[in-house]
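Novice: build me a model:
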Amino acid sequence: MEEFERILLYVGRERILTPFEWIDRLSAGALEPHHICITFDDGLRSQSTHALPVLDRHKLKAFWFVCSCVFEGRPVMSEVYSHAAARLGGMDAFIARFLKRAPQEMLVLLDSPAFADYAARTRGVAPFYSDDDLRYRFLRNRSESRPEFDAVVEELLREHGISPDALASQLWITDAQLRSLAQQGHAIGLHSYDHPYALAELPRQQQRDQYRRNFEHISTATGQPPRSMSHPLNSYNDHSLAILWELGIQCGFRANMQPCAAGINPTPLEFAREDSALLLRAASA
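Specialist: Presented below is the predicted three-dimensional model:
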């Protein structure tokens, strides 16, 4: 809570627009360079527990981008693994254990040009990731290594008596909390149905299903059709953008501040975002 408040004070409370002010100004062409907004991804219960009281104290509202599968009892396992790491000595220790037991046929991918390219790009936008962070995230996100990745992590959790199901039951907000956020003036937006690791690699129809199911769930849970979204793991393509336009989405956010091929903020669905870790580092300097 203290770290979040430090960020708010650093960026300037007076600069922060409500989500609906942001969207209305965007539609009217009236957003100014100094305007900013607050976004949260994934619908984590900890965000509601720790960040919402700070927002309330400062009379601020935020965008909350959620995946719908978790409201149906289907956890996003990458999030479960990240929280399990806290019980195994922290993320660094968890990743070290994972890499030590990962099979050689998986680790050989770390010698590929694909990993070198991924590491270079990610270091450019997230310099706080360690070398082992990059190795872990690359293997987690690659479809060819995903089954082996899950098997290694699940074995590691079993050995330490950690139940992924029990952990998952504590991680996400509920439909009732989602509805309450909407009633309080926060904006609930799309983040895909089940957070694919590479949404841009899915065929157009599967991408459509991801966002249609997400759209329908949020509309039903809140009574309000969503108007905003954020791209899961920054993965999207022209098909993704076309589907979002068709759904009536007016505002979308990337995962970082790196310009895309067409530059910075090339469309209303591709606003750049600064990572909270970098903001906190700047606020603490």
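Novice: which residues touch P103?
Specialist: 148, 152 (Cβ atoms under 8 Å, 6 or more residues apart in numbering). To be clear about C-beta, it is placed using only N, CA and C from the backbone, and glycine gets the same treatment.
Novice: start to end distance for stretch 105-115?
Specialist: Across stretch 105-115, the straight-line distance between its terminal residues is 14 Å, by Cα to Cα, to the nearest Å.
Novice: now do the contacts for the spatially most central residue of the chain.
Specialist: Per Cα atoms, centre = their mean, the C-alpha nearest to the average position across the chain is that of D41, at 4.1 Å. Contact criterion Cβ under 8 Å, 6+ apart gives 65, 191, 230, 232 as the residues in contact with D41.
Novice: who does it form a beta bridge with?
Specialist: Beta bridges link D41 to F65 when assigned by DSSP bridges.
Novice: returning to what we had before: in strands, which of the contacts of D41 fall?
Specialist: Counting by DSSP state E, the members of the contacts of D41 that fall within strands are 65, 230.
Novice: mind putting the contacts of D41 in CSV, neighbour count and pLDDT included?
Specialist: What follows is those, written out as CSV (neighbours: other Cβ atoms under 10 Å; pLDDT from 0 to 100):
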residue, neighbour count, pLDDT
F65, 26, 98
H191, 27, 98
S230, 25, 98
P232, 25, 95
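Novice: per-residue pLDDT, E79?
Specialist: The score at E79 is 90. That number is its pLDDT.
Novice: which outside residues touch whichever strand or helix holds it?
Specialist: Secondary-structure assignment from DSSP states H and E places E79 in helix 77-85. Counting by Cβ under 8 Å, 6+ apart, the neighbours of helix 77-85 from elsewhere in the structure are 42, 44, 91, 93-95, 140, 150, 153, 157, 162, 164, 167-168, 171, 195, 197.
Novice: filter the residues you listed to the buried ones?
Specialist: Of all these considered here, the ones buried according to neighbour count by 16 or more other Cβ atoms under 10 Å are 42, 44, 91, 94-95, 140, 153, 157, 162, 164, 167-168, 171, 195.
Novice: now, which of those lie within helices?
Specialist: Helix and strand membership here follows DSSP state H; of the buried ones among the contacts of helix 77-85, those in helices are 91, 94-95, 140, 153, 157, 164, 167-168.
Novice: closest to Q206 out of those residues?
Specialist: Looking at those and their distance to Q206, the nearest is R140, at 19.9 Å (Cβ to Cβ).
Novice: right, I'll call it a day here.
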